[in-house]
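**Student:** here is my input, please return the structure:
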Amino acid sequence: MKKKGLPKGVTLGSSNVLETAGQGALIPLYQTFQSAVNTKNSGSSTSQRIIWLHFGVNSGATRFAIEHQAVNEATFRCPDEMGWKPQKVPIIPSDGGISRVRETTLPVEEITKALAKEGYEVVTSDDAGRFVCNYVYYHSLRFAEQNGTQSLFVHVPLFLTIDEETQMQFAASLLEVLASLY
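**Tutor:** Model (predicted):
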């Protein structure tokens, strides 16, 4: 982005790296959400559309995965960075059981096809896992639904699998595709 600039029609509100922790990531996550919603509601731009775009690493992946949904279940196979290891716990208890699913309102198939057309190894996915990525995505989808925004989560492989430069180009291309949708 620094080299080429942002795609036309895209404004980057903020960019944050969250702790690789379920509950430990919630305060900065919700502060970011609320800040953007407050800016939107202040009337600074009437045509502003907010899309929460999350990236998480899937160490076993060989390509990018655009996540269609998140599940209301936290079952961590190992402790997160803060030592939390929930098992079959609802992420949002008031949403019901661990089988509750929230889906993005963005056209995942269309986004994936557009990125594949640009030469990226990318697939759609209906399983964001049950670790921190799913945990954050579920909160994001719920907040987006409640506040008239949108959310998308992308799993990326390790830099050993797809180099950093290609991943940065992918992120820029994804922003271009998202901007072209509206």
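**Student:** now do stretch 130-137: distance to the chain's middle.
**Tutor:** 9 Å (C-alpha atoms, centre = their mean, to the nearest Å).
**Student:** that should have said stretch 90-100, apologies.
**Tutor:** That offset, for stretch 90-100, works out to 19 Å (C-alpha atoms, centre = their mean).
**Student:** now do stretch 92-107
**Tutor:** For stretch 92-107, the distance to the chain centre is 14 Å (C-alpha atoms, centre = their mean).
**Student:** if we go by neighbour counts, what in it is buried?
**Tutor:** Neighbour counts over stretch 92-107 (16 or more other C-beta atoms under 10 Å) mark 98, 100, 102, 104, 106 as buried. Where you see a C-beta, it was placed from the backbone N, CA and C, and this is true even at glycine.
**Student:** just give me the neighbour total for the nearest residue to the second one once chain neighbours are set aside.
**Tutor:** Right, R100. In space, R100 comes closest to N72 once its chain neighbours are excluded; the distance is 3.9 Å by C-beta to C-beta, 6 or more residues apart in numbering. Residues lying near N72 (other C-beta atoms under 10 Å) number 22.
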